[in-house]
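Participant: pasting a predicted model and its sequence here:
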Amino acid sequence: MRTVAVIGAGSAGRAFAFRAVQAGFTVVLEDVMPEKLRRAQDEYGELPGMRFALTVEDAVREAEFAIDFVPDELESKLEIFSMLDRMAPPRTILCTPTRALSITDLASCTYRSERCVGVRFDAESVTLVRSRFLDDAVGDSAAWVFGTMGYAVAWADDVEPMLVKNQS
């Protein structure tokens with residue numbers, strides 16, 4: 001696994017892309033906002049291993065691992081997961097940072113539910129969140145990607161999001 005697509009060139013996406021390149025991955029960075037992509041090109045344009053794409057389709061065309069950095073809200077995550085599922089090769093692992101949403105629910109909206117992983121970033125560590133569909137070998141591959149990037153990796157099972165009631 002050598003090619004990583006990073007969808008979202010905001011500060012978190014750029015930092016992840018830079019770290020992935022430093023770990024030896026080929027990275028394709030994409031953002032729907034042209035100014036964010038230009039900023040990334042200004043910062044990393046000459047960095048070997050970093051490429052830029054104008055569309056999600058171009059970003060994931062050869063990716064074995066795709067991670068999004070879109071807002072952690074249901075509509076945004078469903079939209080990007082749907083696009084990644086349609087456009088990425090069948091072998092591509094889909095990874096999404098989320099603290100608010102169930103990766104099991106997101107994965108169930110794809111044709112590759114066994115290849116979807118949630119992630120929670122904490123400084124120099126990550127917690128990978130497994131859905132009830134996750135294939136063990138896919139989980140091992142996702143852990144390898146993050147471990148190669150220098151993160152300490154832990155695992156958690158997905159739990160249903162808790163609904164908080166207004167107690168006023």
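Facilitator: The structure has been received and is ready for your questions. Because the structure is a prediction, the values reported are computed rather than measured.
Participant: could you check the distance from the residue nearest the centre of the chain over to Asp42?
Facilitator: The C-alpha lying nearest the average C-alpha coordinate of the chain belongs to Ile67 (Cα atoms, centre = their mean; 1.6 Å). Ile67 sits 22 Å away from Asp42, going by Cβ to Cβ, to the nearest Å. Where you see a C-beta, it was placed from the backbone N, CA and C, and this is true even at glycine.
Participant: still on that earlier bit, how would you label the residue nearest to the centre of the chain: helix, strand or coil?
Facilitator: strand (DSSP: H, G, I helix; E, B strand; the rest coil).
Participant: let me see the contact set for the nearest residue to it once chain neighbours are set aside.
Facilitator: Nearest residue to Ile67, sequence neighbours excluded (Cβ to Cβ, 6 or more residues apart in numbering): Cys95, at 4.3 Å. Shown in contact with Cys95 (Cβ atoms under 8 Å, 6 or more residues apart in numbering): 65-68, 116-119, 142.
Participant: kindly reformat the residues you listed as TSV containing pLDDT.
Facilitator: Output for the contacts of Cys95, formatted as TSV (pLDDT from 0 to 100):
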residue	pLDDT
Phe65	98
Ala66	98
Ile67	98
Asp68	98
Cys116	97
Val117	98
Gly118	97
Val119	97
Ala142	98
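Participant: closest to Asp31 out of the residues you listed?
Facilitator: Ranked by distance to Asp31 (Cβ to Cβ), the contacts of Cys95 are led by Asp68 at 10.6 Å.
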